[in-house]
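**Student:** let's see this in three dimensions:
(chains A, B, C and D, ligands or ions: 2)
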Amino acid sequence: MNIENIKSQFPIFSKKINGKPLVYLDSSNSSQKPMCVINKLNDFYKNEFSNIGRSIHSLAVNATNKFEETRESIKNFINANFKEEIVFTKNATEAINLVATTFGQQNIKEGDEIIITELEHHSNYVPWHFLRETRGAIIKFAPINEDGDVIIDELKKLITLKTKIIAVTHLSNVTGTIVPIKEIVEIAHKKNVPVLVDGCQAVPHIKVDVTDLDCDFYAFSAHKVYGPTGVGILYAKKKWLEKLPPYIGGGAMISEVKKDKIIYAKLPEKYEAGTMPTAEVITFNESIKFMESIGIDNLMKHEKEIKNYALEKLNKINSVKIIGNPKNKAGVIAFTIKGIHPHDIATILDEDGVAIRAGHHCCQIFHEKMNLTATARASIGVYNNKDDIDMLCKAIENCRKIFDLK
Amino acid sequence: MNIENIKSQFPIFSKKINGKPLVYLDSSNSSQKPMCVINKLNDFYKNEFSNIGRSIHSLAVNATNKFEETRESIKNFINANFKEEIVFTKNATEAINLVATTFGQQNIKEGDEIIITELEHHSNYVPWHFLRETRGAIIKFAPINEDGDVIIDELKKLITLKTKIIAVTHLSNVTGTIVPIKEIVEIAHKKNVPVLVDGCQAVPHIKVDVTDLDCDFYAFSAHKVYGPTGVGILYAKKKWLEKLPPYIGGGAMISEVKKDKIIYAKLPEKYEAGTMPTAEVITFNESIKFMESIGIDNLMKHEKEIKNYALEKLNKINSVKIIGNPKNKAGVIAFTIKGIHPHDIATILDEDGVAIRAGHHCCQIFHEKMNLTATARASIGVYNNKDDIDMLCKAIENCRKIFDLK
Amino acid sequence: MDLKQLYQDIILEHGKSPRNFGKCEGYNHDAKGYNPLCGDKVHVYLKLNSGKKVESLTFEGEGCAISLASASIMTELVKGKSFDETRDIMNAFLNMIKNTSEIRSNHLDEDQKTKLMSLSGVKQFPMRVKCATLSWHTLVSAMKGKKEEINTEVID
Amino acid sequence: MDLKQLYQDIILEHGKSPRNFGKCEGYNHDAKGYNPLCGDKVHVYLKLNSGKKVESLTFEGEGCAISLASASIMTELVKGKSFDETRDIMNAFLNMIKNTSEIRSNHLDEDQKTKLMSLSGVKQFPMRVKCATLSWHTLVSAMKGKKEEINTEVID
Ligand SMILES: Cc1ncc(COP(=O)(O)O)c(C=O)c1O
Ligand SMILES: Cc1ncc(COP(=O)(O)O)c(C=O)c1O
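**Tutor:** Ligands and ions are numbered 1, 2, ... in the order given. Alright, predicted model coming up:
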């Protein structure tokens, strides 16, 4: 696969935005979808649609098999040990809530401690905050430094006998920081503390091997990995899924239902109540095949090249400041322009067909720490190329002109 | 719109199953999708895809507007009073869990009573069972009679000062019973008890007006209303959504996040954490337009005709027994054949291209009550016609032949 | 797929008039099995003699033709076998249904193999495999003296 | 859509050098506003005289050009107005941005209307409407003596 020509596989890039070609630099928010994924979804609804699970007619059997094939693909893609360790949710946020709620119910009592970091997305903070509200847990924030790296020694010091779980992002959706998860897991496990990893930004961009990381839980979303919306994935070690209580109750997650007792289904159905996003899960298999056809090494190499080019060019523009300078940085670039508010930047860039995001990117703790109210963010996907970066920089120059910056 | 030719709008019916034309009688499980719905989904992913909410580039603004248009359409379709009373979930099961969990957290303590009926789908029992397990609630089952009707007088007697909520289906997915919700709500409200209605089977088949019903909560799924999988809808009176705590925590459902406190977003965002099934919600608007273009009265008339034809023909077949004979019956027909187990029926019918469902249909309480372990179920959608029923009956004759029944 | 393969005369016949149906006298082991998917239930009664061999074996239950026929045929084939032999036969049966298309076991004669092969049609109907295997899992559980009910949604 | 309409010189100029910035002396009302979408913050300080008219009005805050310019222009236009007049002006402004394309108020002269109309470009940028309206909501809240922070995600 020629990564240079990959844009042609994404139909949206033949569209014009405000009369200009689309320069999409908002992939950390959600990625665009390649033709193979869109076609699969279309095809399934047109020719094969059925619910999965309990019906035994041919359509249902076919759909059930395909659904399980996606589970198998994901298992292989992130190198889990068992198919039953892959649970489908509606998004990564639900996956994290699933863990926080069920783990909390079983393991968190008043005064128990949960460690997260100052880099976390709200989706990896609010679910733990609920445990603070309902069970009296204490949340401790592992600090980051000016570069946007988690200070591992400080995190280490936060662990006490009351620490029940550590929840940490694999890759920051603001600074692009790649967090040394393996090291954190080792530290945590030495003290018998399980680790949940928010892998939303990692899975689309770097190699993820949950067995190597040895984390207890790993959450991500299909829509950021060139897949459809409506699908989240929770990886959890079997021992946890077996031990924790169910989360959502309803059809499919039960084995036997009587008036006075209910027996839950085996894994992974125990955690998959009601009708799943059937078509979307089945379609997500194409996204994984798409990722594999490129090869994660090629993808990383490509995105690194574009990122480096972007950093170099942005750094040359007067008054542009890149936020964070982590040891290991993926293609997520938050920046500010002295004298122009990020929201004004986003509006002006959009007029030039350049889609970026402005705001706190669901990371208010980070922004507060850095003394910022908002940043602009350009995030790179597999389809971006150097022309896109040139367009970004040109559009930024236009901002500067409008605001009459020197 | 000519309802007789409507099948041609559903591409799946040009497919062959085991060499035979597809006779789809499993719509209570999930409905097939018309071309307008499939095309919209395809088109959105190809030409307009973006996440909604916080980004302010053109794609995001467009997607956000369309997302909200679906909310508006649903509001009008079920005649809610406010757009913020419509909350998107992943399926009806999550919608019911949302209510059970948040309502339970705020209102249920040990010994409090929840009333459900013997007709309920597991999705409207297990979430309440969780409150039995975690909060010591008591679940009371309003009994049904042999016909499959809820005995309203018995339900009335179950209400005590400890009754905190009544949860009841609008339309049974086994017997097709249409439950007199308005009457139940009146009874309940007189005693200040709120009512949740499981409207999964009602919305696709009968007129639903939540203002007229005056129910407090109403849950259903898009995939049963000719829409995509991955989308559930909760209607709840504003006063409840304002008062109840949030359910899933994460991005988008917050307004302000600090290390020591979190302020939640206004309605309906408060209940919509993380990335929504964006494309699927946007697409669901086409399903509603499809329903409206047919007209709910025409649809009801059509389905009634097919149902009556089916009942008449099935009743003529020796050893076929229809389960339940409710006062008001929609096009859901559970049946047994003396001497052939429902699973054998389903397998044999499938060979003739006839897709039905066999089992307990997520209603074990009902089956236990009726002294059955399983039933076969043929359920009617807008696309079914008399030919389908003829095919069903022919396939049943084939079953009888294989099993050598007289 | 082939319905005639699935519903062979022998299956229909065993399904209609299952052998060894009921409680056997003096049973010293029993176990229950349940398939929540279709509601199939089976209760196996077993008398192991002093040599740990199956002296008598009966069952009660309700279910589809496949599950009743499978249980019925099982009661015929296992009589006189030891625990290890029974387990070997079950594995041969499972293996036939899931992987190969023949029965590989030294503990059955050709006639018995043919009888067991009458269930081979299930191979083409993956949703029906559990119907055919429930009674076997339940029997093994009974021989082990396990107390919990076998549940096809919990075992594989 | 038209960037020049949005970023008119007067907006850029007010955004860069907002008028009446800081705390005014002897203020007797104040209120905070927050737009979580972009992190815009505004703090309005107000001195109402004995006749319940705005004697002085200042603000502090940070935000985009639109929000700063809007707050700055507001402080200029509202001075000397009563509560009802202020509310009328705000409604005329909101109405202009959301529905009509002119300012309908008896409490502003033509020059003042022209100044306020410099924010009309926002009409074409729906995501930016809250930037323009935050300070106005906050001012009304201050005059009412409300204690809670105004939050654009909570108001409409
Ligand atoms: C009556 C009833 N309630 C609830 C459900 C659950 O709906 P879903 O699986 O879409 O969550 C269904 C469908 O399976 C149903 O028929
Ligand atoms: C780091 C991180 N965590 C969590 C999330 C939440 O993912 P989702 O919105 O798909 O639930 C996101 C994306 O928004 C993210 O970037």
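
**Student:** would you mind measuring the gap between the ends of stretch A:205-221?
**Tutor:** One end of stretch A:205-221 to the other measures 13 Å (CA to CA, to the nearest Å).

**Student:** is the strand or helix carrying A:Arg400 up against chain B anywhere?
**Tutor:** Following DSSP states H and E, one finds A:Arg400 within helix A:386-402. No - applying CB under 8 Å from any CB of the partner chain, one finds helix A:386-402 separated from chain B by no less than 11.4 Å. Every residue, glycine included, has its C-beta placed from N, CA and C.

**Student:** other SSEs contacting that helix?
**Tutor:** For helix A:386-402, the packing partners by 3 or more CB pairs under 8 Å, 6 or more residues apart in numbering or on different chains; DSSP states H and E come out as strand A:23-24, helix A:296-316, strand A:332-337, helix A:342-351, strand A:354-355.

**Student:** if you set the cut-off to 7 Å instead, what comes out?
**Tutor:** Applying 3 or more CB pairs under 7 Å, 6 or more residues apart in numbering or on different chains; DSSP states H and E, one finds that helix A:386-402 makes contact with strand A:23-24, helix A:296-316, helix A:342-351, strand A:354-355.

**Student:** give the buried residues for it.
**Tutor:** Neighbour counts over helix A:386-402 (16 or more other CB atoms under 10 Å in any protein chain shown) mark A:388-389, A:391-393, A:395-396, A:398-400, A:402 as buried.

**Student:** could I get the helices and strands packed on helix A:386-402 as a markdown table with mean pLDDT?
**Tutor:** As requested, these are exported to a markdown table (pLDDT from 0 to 100):
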| stretch | mean pLDDT |
| --- | --- |
| strand A:23-24 | 97 |
| helix A:296-316 | 97 |
| helix A:342-351 | 94 |
| strand A:354-355 | 96 |
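
**Student:** of all these, which lies closest to chain C?
**Tutor:** Closest to chain C of these, according to CB to the nearest CB: helix A:296-316, at 31.5 Å.

**Student:** residues making contact with whatever helix or strand comes next after that closest one?
**Tutor:** Once helix A:296-316 ends, the next helix or strand along the chain (criterion: DSSP H and E) is strand A:320-322. Residues outside strand A:320-322 that contact it (CB atoms under 7 Å, 6 or more residues apart in numbering or on different chains): A:311, A:314-315, A:333, A:335-338, A:396.

**Student:** direction included, what does strand A:320-322 pair against?
**Tutor:** Sheet pairing of strand A:320-322 (DSSP bridges) gives strand A:332-337 (antiparallel).

**Student:** quick check: angle from the partner strand to helix A:296-316?
**Tutor:** Between strand A:332-337 and helix A:296-316, the angle comes out at 10 degrees (axes from the mean of the first three to the mean of the last three CA atoms, to 10 degrees).

**Student:** are the helix or strand of chain A with the lowest mean pLDDT and chain D in contact anywhere?
**Tutor:** Ranked by mean pLDDT, DSSP states H and E, the weakest helix or strand in chain A is strand A:16-17, scoring a mean of 86. No - applying CB under 7 Å from any CB of the partner chain, one finds strand A:16-17 separated from chain D by no less than 10.8 Å.

**Student:** name the helices or strands packed onto the next helix-or-strand element following that strand?
**Tutor:** Remark: after strand A:16-17, the chain's next helix or strand is strand A:20-21, criterion DSSP H and E. Using 3+ CB pairs under 7 Å, 6+ apart as the contact test, no helix or strand touches strand A:20-21.

**Student:** which residues are contacting strand A:20-21?
**Tutor:** Residues contacting strand A:20-21 (CB under 7 Å, 6+ apart): A:352-353.

**Student:** quick one: whichever residue of chain C sits closest to chain B and B:Gly339, what's the gap?
**Tutor:** Nearest residue of chain C to chain B (CB to the nearest CB) works out as C:Gly39 at 3.2 Å. Distance of C:Gly39 to B:Gly339, computed by CB to CB, to the nearest Å: 16 Å.

**Student:** so what's the residue of chain C closest to chain B closest to, chain neighbours aside?
**Tutor:** Distances taken as CB to CB, 6 or more residues apart in numbering or on different chains put B:Thr373 closest to C:Gly39, at 3.2 Å, once the chain neighbours are dropped.

**Student:** could you check how far the one you found is from B:Thr336?
**Tutor:** With the distance defined as CB to CB, B:Thr373 ends up 10 Å from B:Thr336.

**Student:** test my guess that A:Pro143 contacts A:Glu118.
**Tutor:** Yes - using CB atoms under 7 Å, A:Pro143 is in contact with A:Glu118, at 5.8 Å.

**Student:** who has more neighbours, those two?
**Tutor:** Neighbours per residue (other CB atoms under 10 Å in any protein chain shown) separate A:Pro143 from A:Glu118, with A:Glu118 holding more: 21 against 14.

**Student:** separation between that one and chain D?
**Tutor:** With distances taken as CB to the nearest CB, to the nearest Å, A:Glu118 is found 17 Å from chain D.

**Student:** mind checking pLDDT for that residue?
**Tutor:** For A:Glu118, the pLDDT comes out at 98.

**Student:** my guess is it contacts A:Asn145. True?
**Tutor:** No - look at A:Glu118 against A:Asn145 with CB under 7 Å: they stay out of range, at 9.8 Å.

**Student:** show me where pLDDT drops low in chain C?
**Tutor:** Applying pLDDT under 70 to chain C flags the ranges C:1, C:38, C:147, C:152-156.

**Student:** C:Pro36 and B:Cys399, how far apart?
**Tutor:** C:Pro36 sits 23 Å away from B:Cys399, going by CB to CB.

**Student:** excluding chain neighbours, what is closest to A:Met391?
**Tutor:** Excluding the flanking residues, the one nearest A:Met391 by CB to CB, 6+ apart is A:Val23, at 4.6 Å.

**Student:** so who does the one you found touch?
**Tutor:** Contacts for A:Val23 (CB under 7 Å, 6+ apart) come out as A:353-355, A:388, A:391-392.

**Student:** ok, A:Tyr45 next?
**Tutor:** Counting by CB under 7 Å, 6+ apart, A:Tyr45 has contacts A:279, B:33, B:38.

**Student:** residues of the stretch 251-400 of chain A that sit close to ligand 2?
**Tutor:** Within the stretch 251-400 of chain A, the positions near ligand 2 by CB under 6 Å from any ligand atom are A:Cys362.

**Student:** residue numbers of the stretch 251-400 of chain A in contact with chain B?
**Tutor:** So far as CB under 7 Å from any CB goes, the stretch 251-400 of chain A lies against chain B at A:251, A:254, A:257, A:259, A:262, A:273-280, A:343, A:346-347, A:350, A:355-359, A:362, A:364-365.
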